[in-house]
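Novice: just coords:
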């Protein structure tokens, strides 16, 4: 690994398959399949709401949120655009036209918790610390843009402390328990990925919470943006993240 580069794996499908081999991580992974007509029909009928996203992509670009309203009505949203269809055939054809020949995945939809009527998820930053041990160095909330389906900072999302986002959903004790669960899950994911990719030094785990408040892994980013932590008023997490990042870049 060169001095100014950290290893990354772009394929969400490959990372998902690796994680599914771990029995303790598998329950946290929503049903994820390759995009094709059969999987699209099966999953939207089963889950009623799904996400369709590029196998390789960043910043939430190209992510589509699709729903079945009834057996004769389908809809999907990409960025701020919402389209409606009267049949599965029309719905599928429109998606094919948009996706073209790019590789896409379908994932069971997570009805994310909301803050002030806006969806949010959580980024768990896990890094190898200067002592060579995996450590959860930061946990931050990402509040999505009011009219968009993704929470990424580059798509108008707002980084916020998880305490401020969870205040109306969980007691302080429940928040503490969730924090510990996310800490443990992040390290478990990092250690498991490192068995396949020994040179990994950092990951960002994007976690969704629905009304059951059970963590569900949206995806694992192997080249996470450390600078979102600098958006918080409390800079302690940012300093810890950057200390580990600098140590890794020296390896």
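Specialist: Perfect, thanks for sending it. Predicted model only: the values in this text are computed from it and were never measured.

Novice: now stretch 105-117: buried residues?
Specialist: Across stretch 105-117, burial judged by 16 or more other Cβ atoms under 10 Å covers 105, 106, 107, 108, 109, 110, 112, 113, 115. C-betas here are computed from N, CA, C, even on glycine.

Novice: I'd say residue 80 and residue 149 touch.
Specialist: No: counting by Cβ atoms under 8 Å, residue 80 stays clear of residue 149, with 9.1 Å between them.

Novice: ok, the two, which is more surrounded?
Specialist: residue 149 (20 against 11; other Cβ atoms under 10 Å).

Novice: show me what contacts that one?
Specialist: Neighbour list for residue 149: 51, 63, 64, 65, 77, 78, 79, 119 [criterion: Cβ atoms under 8 Å, 6 or more residues apart in numbering].

Novice: may I ask which helix or strand encompasses it?
Specialist: Counting by DSSP states H and E, there is no helix or strand that carries residue 149.

Novice: gap between it and residue 192?
Specialist: Distance of residue 149 to residue 192, given as Cβ to Cβ, to the nearest Å: 29 Å.

Novice: that's a strand at residue 94, yeah?
Specialist: No: counting by DSSP: H, G, I helix; E, B strand; the rest coil, one finds residue 94 to be helix, located in no strand.

Novice: tally of neighbours for it?
Specialist: When neighbours are counted by other Cβ under 10 Å, residue 94 comes out with 15.

Novice: wait, what's in contact with it?
Specialist: Taking Cβ under 8 Å, 6+ apart, one finds 76, 83, 85 in contact with residue 94.

Novice: which of the residues you listed tops the neighbour count?
Specialist: Result: residue 76 is most packed of these (other Cβ under 10 Å), 22 neighbours.

Novice: and the helices in the stretch 151-251 of the chain?
Specialist: Taking DSSP state H, counting those that start in this stretch, the helices of the stretch 151-251 of the chain run over residues 162-166, 172-196, 236-249.

Novice: which parts of the first one are buried?
Specialist: By neighbour count with 16+ other Cβ under 10 Å, helix 162-166 contains the buried residues 162, 165, 166.
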